[in-house]
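In: Coordinates for the following, if possible.
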Amino acid sequence: MIKKTAFGTRETLIGEMAHIVSETTDGPRGKHALDAGEHNKYPNLMLLCTNHHTEVDAHEEIYTVEKLRQMKADHEAAIERAITRAKHVDEPGVRSYVSEAVYSTLLPVIRMPRYIFSAPCKYSDGHEKEAMTDVLLGGTSYMCPFIIRDGGVLYAFNDLRGKDGLFQKVITRRNATYFEAERWFEDSDKARWFATLLNRTLNKLTGRKGLQLDREHHRYYFKSDEAGKEKSVEYRPLNQSATTRKVVWQPMNTRTNQPRNFWNHLAVNLQFLNAGSGQWCFCVRPELRVTRDGVVPIESRNVGRNVTRQMSHQFNYDLLEDVNFWRDFLSGGQPRIILQFGPESAVIISTTMMSSDIEWPGIPKEFARPFENVEYEDNLFTAAQAQEFETKESEPLPGEDEVDDDDLKDEE
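Out: The predicted structure follows:
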């Protein structure tokens, strides 16, 4: 955009035509899928001042394709509303309310293990790390979180009574038994043990997803595949079928266009919350981890202001997009996150965000951003998998008298 001075003697550049998706694949957001010939058409262009054009292209991990498109749509809608208001004068004193769905950072847990199994083991209390060397993990997709308490008793969500169990080298199977999970919540110590088993289940899930555990801050984070290299992953955003997002990156200084002396890593705090009466939910809290070189963390006292400044730029929609990223990544884009311990034991988390309908004046339209992909649709495989668990949920667990004694002769 060119603006003439008051006397028309010279022209000043006050705006630049910016590409949402770069014309070249190595340019800002250039790897985003866009049909040939569409790069210089109106839907892929937006007008920015020189400073903001530089900032948008230097921070593509913040200014994603989805965010820029939404910014453009919001601006166009605001202009349209301003023109409409100029033509029509609203009636004074009239205040309308709208019905809207408010989404949370919580996912509903639709199944918890009904039983906790126990058996005497050859390791003493708290020696889970040593016992893990004897757990038979080869060739199984089941998760096997466990704790050792009560003077050498192993507790797990896995059925410990089978002759081909994962823990056969660790426990005395003849003395294996089980308890109803609901009864554990009547005892404060056992309620904490149950929480510990759930947390260790999360460690298994995130480990399989390649995430690292930050024990000090109780969060999981992405680590670069190679020191000094940025990392990106594919996921399904709120308003699009698929895109990529940087999860490890070195930010750029907008003034000097040089890399800053720290690295950002997407991180998340995950936690199971007991809502009472057997109701559970899964809390997803997006966070950020900062390192010196992509590996060595910076002391917490030195990063607080930096992280707070970056997170303060997030509005409701940005936070919702972050929660959406994590639910998509952890579930693999499926309707449910299934943490399976055996044929009949699992934790199942729905990936549909918990929401509530409210009546209120509403967010000003210039800030309102509706989104799609609220629910992930079942396919034939996921629907059959869910139905299988629903069927098994209604079946009682076989009693101890139904376990074949011949299977236990090897322990005599």
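In: Show me the helices in the chain, by range?
Out: Remark: helices assigned in the chain by DSSP state H are 50-58, 65-87, 128-131, 181-184, 188-208, 300-311, 316-331, 380-393.
In: what would these look like in JSON lines with mean pLDDT?
Out: Below are the helices of the chain laid out as JSON lines (pLDDT from 0 to 100):
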{"stretch": "helix 50-58", "mean pLDDT": "85"}
{"stretch": "helix 65-87", "mean pLDDT": "81"}
{"stretch": "helix 128-131", "mean pLDDT": "92"}
{"stretch": "helix 181-184", "mean pLDDT": "89"}
{"stretch": "helix 188-208", "mean pLDDT": "92"}
{"stretch": "helix 300-311", "mean pLDDT": "56"}
{"stretch": "helix 316-331", "mean pLDDT": "87"}
{"stretch": "helix 380-393", "mean pLDDT": "72"}
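In: looking at the ones you listed, which is buried most?
Out: Highest mean neighbour count of the helices of the chain: helix 316-331, a mean of 20 (counted as mean count of other CB atoms under 10 Å). Every residue, glycine included, has its C-beta placed from N, CA and C.
In: could you give the angle of that helix to helix 65-87?
Out: 150 degrees (axes from the mean of the first three to the mean of the last three CA atoms, to 10 degrees).
In: Helix 316-331 packs against which elements?
Out: Helices and strands touching helix 316-331, as assessed by 3 or more CB pairs under 8 Å, 6 or more residues apart in numbering; DSSP states H and E, comprise helix 65-87, strand 231-235, strand 279-291, strand 336-342.
In: what angle do the last one and strand 279-291 make?
Out: Just to be clear, that refers to strand 336-342. 100 degrees.
In: Strand partners (parallel or antiparallel) of strand 336-342?
Out: Here strand 336-342 has these sheet partners by DSSP bridges: strand 345-350 (antiparallel).
In: Tabulate the helices and strands packed on helix 316-331 (JSON lines), appending distance to T133.
Out: Converted to JSON lines, the helices and strands packed on helix 316-331 look like this (distance: least, CB to CB, whole Å):
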{"stretch": "helix 65-87", "distance to T133": "46"}
{"stretch": "strand 231-235", "distance to T133": "31"}
{"stretch": "strand 279-291", "distance to T133": "30"}
{"stretch": "strand 336-342", "distance to T133": "20"}
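In: between the ones you listed, which gets nearest to Q258?
Out: strand 279-291 (17.8 Å; CB to CB).
In: For G210, give me its contacts.
Out: F222, K223 (CB atoms under 8 Å, 6 or more residues apart in numbering).
In: Now it, what are its backbone angles?
Out: Per-residue torsions, G210: phi 80, psi 10 (degrees, to the nearest 10).
In: How confident was the prediction at it?
Out: Looking at G210, its pLDDT reads 94.
In: and the gap between it and F381?
Out: According to CB to CB, to the nearest Å, G210 stands 23 Å off from F381.
In: Also V347?
Out: From V347 to F381 the distance is 19 Å (CB to CB).
In: cool, T254 as well?
Out: Counting by CB to CB, the separation of T254 from F381 is 46 Å.
In: any idea how this structure splits into domains?
Out: Per the record, the chain has its domains at 2-87, 111-200, 202-393, by automatic domain parsing.
In: OK, contacts around the spatially most central residue of the chain?
Out: When CA atoms, centre = their mean is applied to the chain, the residue found nearest the centroid is W326 (1.7 Å). Shown in contact with W326 (CB under 8 Å, 6+ apart): V268, V284, P286.
In: what about R114, how many residues close to it?
Out: Neighbour count of R114, defined by other CB atoms under 10 Å: 17.
In: can you pull the pLDDT of it?
Out: 90.
In: The nearest residue to L198 once chain neighbours are set aside: what's it in contact with?
Out: Setting aside the residues directly before and after it, L198 is nearest to F272 in space (CB to CB, 6 or more residues apart in numbering), at 4.8 Å. Contacts for F272 (CB under 8 Å, 6+ apart) come out as V109, A195, L198, N199, L202, W280, C281, F282, C283.
In: Buried ones in stretch 109-129, by neighbour count?
Out: Burial within stretch 109-129, assessed by neighbour count using 16 or more other CB atoms under 10 Å, is assigned to 109-114, 116-121, 123, 128.
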